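K.L.:
only geometry, no sequence info:
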């Protein structure tokens, strides 16, 4: 038996005042001596992925308290990257990950919570909560609000990226752009493609800290509410397992082991997930004190095939992934190829192998619950309410050749949907989502055209300054240089709008939205602001990209590079700072920049 953490604030004469305050919070006599379960919600009316979570925390509280434990809800912040994008608001997105992690840690440790259930959905909220879960290492489960339905516009499924691309294409009629704007984002939930939010919610399943279906069951479907209720019941059980039975398998660090991180990264590669997931997995692993780095990701990327091409890399959306069996089907296919470890533990099953037996749609032992989860369908009705419909498909998408989830034999690429590149402008690595790159662009050579902000690059693309064959270089947008490592969805979308996506490349020390595709290379490390060679590039330099060989080079000899470095360093305090950018940076962002690492370490806080 393990002593409850909460007894520090509920036992003994000296804690009479604390008990009085617990009673004022609604705690009854029967609750004392039982686990206090924290509910970390992220409801906000700023984010469609979170707008439907208002009542969810209280619904979970009612379930927990019906079983005799006390539950207390609190909220974290949540930033909508789509709304914050394209202006200075994006500077705050990645830094919010640390604030979210800190707030969950602060609340749980200050009040000595015994267990935790996190209600999440969008981009930085899920990784922030997972970072906190790893720090705390108390029984915990994560549950998301679910994906948005794809919007039907002129008979085709559309999403947020379709709107952005059309808005930047001057040849598309205003009426069509307006139709997309009003129809492509029809419901609550995280945006409908395999963007960062949905990628992270899928990876939570692979890490073993979320239930099957967490990443793919639609926000609008009744099965989403059922999933959340199941998570609430499970955290009660797992808290009891740990505190009453001394079962340490209920702890996050017993579940999210190095092998689990390798499984999660393999999933991400196979499903062509967002490159942001690399940034987040590195940070989460750091909080768990697990040795997981870019070399591991590079090794996996050379042997794990691409089984999915979901928007923005193809025409499928999250609702299609769900119908094809979701995360469990992808993991099962990887297991069939001997590419993942199925002996890893989970919050809900003893092993991943057991979970796959009941939740893989091709399994002889598929449970009725899993069957209904993966047959759940979009309602095709505008709604901002969770569980507002209960429509089902009649059959699964189980086509291994042309379906949403292919088998290994019919994979899109035999090696990796993500790749780590190295070279003289990325000594510590850079990331490209190969699943979103036309194979004709796997070898590319072009002249650099330099921009020192995302905004300048977007303007350069739209105004015609960027020409076919150029390599667009956006620097000083890394974690320190931004500060905040902005997403580059607008520049990549505008390259498509301008018809340049198949004849230009883009490289940056910033990052990309999960909605980005094309020959877009990010996370260049060391970043320009940390003295990286990216800062030394000049207009007209020849950049060579070789994805099969995992190379990213500027064709500049060592002597010339050294001369440029000496010239830069001679600027003293102004060295490795943008020369042409005007940007107001708040004190909070300056504080973030003081401690943050480059992207190769996950943009984590470095405190020596």
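P.N.:
Structure's in. What do you need? Please read all numbers here as calculations on a predicted model, not as lab measurements.
K.L.:
any idea how far residue 522 is from the closest residue to residue 517 other than its chain neighbours?
P.N.:
Leaving out its chain neighbours, the residue that sits closest to residue 517 by Cβ to Cβ, 6 or more residues apart in numbering is residue 436, at 3.2 Å. All C-beta atoms are positioned from the backbone trio N, CA, C, and that covers glycine. For residue 436, the distance to residue 522 equals 12 Å [Cβ to Cβ, to the nearest Å].
K.L.:
next one: residue 370
P.N.:
The value you get for residue 370 to residue 522, if Cβ to Cβ is used, is 36 Å.
K.L.:
who's more crowded, these two?
P.N.:
More crowded of residue 370 and residue 522, by other Cβ atoms under 10 Å: residue 522, with 28 against 21.
K.L.:
which residues pair with the more buried one across the strands?
P.N.:
Residues in a beta bridge with residue 522, per DSSP bridges, are residue 431.
K.L.:
hmm, residue 486 and it touching each other?
P.N.:
No: counting by Cβ atoms under 8 Å, residue 522 stays clear of residue 486, with 10.4 Å between them.
K.L.:
shared neighbours of these two, which are they?
P.N.:
510, 511 (Cβ atoms under 8 Å, 6 or more residues apart in numbering).
K.L.:
could you pull up the mean pLDDT of the helix or strand containing residue 260?
P.N.:
Assessed by DSSP states H and E, residue 260 sits inside helix 258-270. Regarding helix 258-270, the rounded mean pLDDT is 97.
K.L.:
just stretch 570-581 next, same as before
P.N.:
Here the average pLDDT along stretch 570-581 is 94.
K.L.:
offset the numbering so it begins at 4, please.
P.N.:
With the count now opening at 4, the last piece we talked about shows up as stretch 573-584.
K.L.:
could you pull out the buried residues of that stretch?
P.N.:
Neighbour-count burial for stretch 573-584 flags 579, 581 (criterion: 16 or more other Cβ atoms under 10 Å).
K.L.:
who's in contact with the residue nearest to residue 520?
P.N.:
So residue 439 contacts 275, 315, 316, 519, 520, 521, 523 (Cβ under 8 Å, 6+ apart).
K.L.:
likewise residue 194?
P.N.:
So residue 194 contacts 52, 85, 150, 151, 162, 163, 188, 200, 201, 518 (Cβ under 8 Å, 6+ apart).
K.L.:
what about the closest residue to residue 247 other than its chain neighbours, how many neighbours?
P.N.:
Spatial nearest neighbour of residue 247, excluding adjacent residues (Cβ to Cβ, 6+ apart): residue 4 at 6.0 Å. By other Cβ under 10 Å, the residues close to residue 4 number 8.
K.L.:
try residue 516
P.N.:
Residue 516: 31 neighbours (other Cβ under 10 Å).
K.L.:
is it true that it touches residue 490?
P.N.:
Yes: counting by Cβ under 8 Å, residue 516 does reach residue 490; the two are 4.4 Å apart.
K.L.:
correct me, but residue 409 touches residue 311?
P.N.:
Yes: if you go by Cβ under 8 Å, residue 409 and residue 311 touch, sitting 7.3 Å apart.
K.L.:
between these two, which one's more packed in?
P.N.:
Neighbours were counted for residue 409 and for residue 311 using other Cβ under 10 Å; residue 311 has more, 25 against 22.
K.L.:
list the residues that contact the nearest residue to that one once chain neighbours are set aside.
P.N.:
Leaving out its chain neighbours, the residue that sits closest to residue 311 by Cβ to Cβ, 6+ apart is residue 274, at 4.5 Å. By Cβ under 8 Å, 6+ apart, the contact list for residue 274 reads 197, 202, 205, 310, 311, 313, 324, 333, 420.
K.L.:
who wins for most neighbours among those residues?
P.N.:
residue 197 (33 neighbours).
K.L.:
which strand runs longest in the chain?
P.N.:
strand 446-454 (DSSP state E).
K.L.:
what residues does stretch 561-569 touch?
P.N.:
427, 536, 539, 541, 557, 559.
K.L.:
now with 7 Å, please.
P.N.:
427, 536, 539 (Cβ atoms under 7 Å, 6 or more residues apart in numbering).
K.L.:
nearest to residue 9, of these?
P.N.:
The shortest approach to residue 9 among the contacts of stretch 561-569 belongs to residue 536, at 52.0 Å (Cβ to Cβ).
K.L.:
look up how far residue 527 lies from the residue nearest to the closest one when sequence neighbours are not counted.
P.N.:
Leaving aside its sequence neighbours, residue 536 sits nearest to residue 428 (Cβ to Cβ, 6+ apart; 4.8 Å). Distance check for residue 428 against residue 527: by Cβ to Cβ, it reads 7 Å.
K.L.:
in this protein, which spans are strands?
P.N.:
Counting by DSSP E, the strands of the chain are 39-44, 73-78, 118-123, 143-147, 154-156, 159-161, 422-426, 429-435, 446-454, 473-477, 508-511, 523-528, 545-549, 554-557.
K.L.:
which residues are in contact with the last one?
P.N.:
The one in question is strand 554-557. 424-429, 433, 524, 540, 544, 546-548.
K.L.:
swap the cut-off to 8 Å and go again
P.N.:
Against strand 554-557 from outside (Cβ under 8 Å, 6+ apart): 424-429, 433, 451, 510, 524, 527, 536, 540, 544-549, 564.
K.L.:
emit the PyMOL select command for whichever of those are buried.
P.N.:
Applied in PyMOL, the following selects the buried portion of those according to 16+ other Cβ under 10 Å:
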select buried, resi 424+425+426+427+428+429+433+451+510+524+527+536+540+544+546+548+564
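K.L.:
residues in contact with the residue nearest to residue 247?
P.N.:
Contacts of residue 4 (Cβ under 8 Å, 6+ apart): 246, 247, 248, 249.
K.L.:
any low-confidence regions in this protein?
P.N.:
Under the criterion pLDDT under 70, the flagged ranges of the chain are 517-518.
K.L.:
domain map for it?
P.N.:
10-153+189-412, 422-604 (automatic domain parsing).
K.L.:
would you turn these into JSON lines with distance to residue 171?
P.N.:
Formatted as JSON lines, the domains of the chain follow (distance: least, Cβ to Cβ, whole Å):
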{"stretch": "domain 10-153+189-412", "distance to residue 171": "11"}
{"stretch": "domain 422-604", "distance to residue 171": "3"}
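K.L.:
out of those, flag the one nearest residue 170.
P.N.:
domain 422-604 (7.7 Å).
K.L.:
now do the end-to-end distance for the closest one.
P.N.:
Separation of the first and last residues of domain 422-604 by Cα to Cα, to the nearest Å is 16 Å.
K.L.:
that older thread, separation between the residue nearest to residue 536 and residue 30?
P.N.:
58 Å.
K.L.:
repeat for residue 414
P.N.:
For residue 414 relative to residue 30 (Cβ to Cβ), the value is 54 Å.
K.L.:
alright, that wraps it up for me.
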